[in-house]
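Participant: Quick one, what's the 3D model for this:
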Amino acid sequence: MNNTPSPYSHLPLKEMDSVTSICRPGHHTASASLGMDSPALALLTDFQQVRAFTVSSHSSVDDALQTMKQNSIHMLLVINDKGEFTGVVSARILFGGSAVTRAMHEGALAREDVTVDMIKLPREELHAIDYERLARATVGDLVQTLKASGDRHVLVTDHDENTTLRIRGVISAREVSNALGIDLDHPPEAHSFSAIRSVVLGHDL
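Facilitator: Next up is the predicted model:
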């Protein structure tokens, strides 16, 4: 057994209770091949460069699913009537079925009446990394952090010109795994909607 200390460190994660603002955009470019010592920023989906995909908390789960399909994405930021960030909804939550089924049973609802707000992962249960700290980190630090936390998505925060804390971007465990060709000890996630459909639904979307 290798007891050599890791050269990488856990990045400090903070609670998201008070963060309601989301950074707005430009253009996202794909990273070159990465290693554990590459800059962690290379794996940031930066909302200053690429638009953050959002969904209203009142939208139906099927509308959220359609948005993900059309844009080939796996996560949406949930916003309320004031445009404030309230949580996230992922393809895994929508396709996994348990959260949707639970909402249907608890509210005696048909699937089309289940809203994103009922099944989202609320911001109080999410974690974030400071952008400035991430800028000093390596991909190896991200790997250590994601393995330790078990999070599939970690948000990244900074301050706008008014010093208001906002969501600057997101780090996806799936993208880190893909970039490095490693398993972060998370459950396997299908990388396309056709793959998810085959594994979970067994019929066309």
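
Participant: Give the rounded mean pLDDT of stretch 67-81.
Facilitator: In this model, stretch 67-81 has a mean pLDDT of 92.

Participant: Buried residues, that stretch. List them.
Facilitator: 67-68, 74-79 (16 or more other Cβ atoms under 10 Å). Quick note: C-beta positions are derived from backbone N, CA and C, even for glycine.

Participant: And stretch 59-66, by the same measure?
Facilitator: So for stretch 59-66, counting by 16+ other Cβ under 10 Å, buried means 59-61, 64-65.

Participant: how distant is that stretch from the center of its chain?
Facilitator: The gap between the average C-alpha position of stretch 59-66 and the chain average comes to 17 Å, counting by Cα atoms, centre = their mean, to the nearest Å.

Participant: try stretch 58-65
Facilitator: On Cα atoms, centre = their mean, the centre of stretch 58-65 falls 17 Å from the chain's centre.

Participant: Output that stretch as CSV, nothing but the C-alphas.
Facilitator: Written as CSV, here are the backbone C-alpha positions of stretch 58-65 (Å, rounded to 0.1, in the frame of the first residue of the first chain):
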residue,chain,number,x,y,z
HIS,A,58,-41.8,26.8,-12.2
SER,A,59,-40.9,25.0,-15.3
SER,A,60,-42.0,21.4,-15.7
VAL,A,61,-39.3,18.6,-15.4
ASP,A,62,-40.0,17.7,-19.1
ASP,A,63,-39.3,21.3,-20.2
ALA,A,64,-36.0,21.2,-18.3
LEU,A,65,-35.2,17.8,-19.9
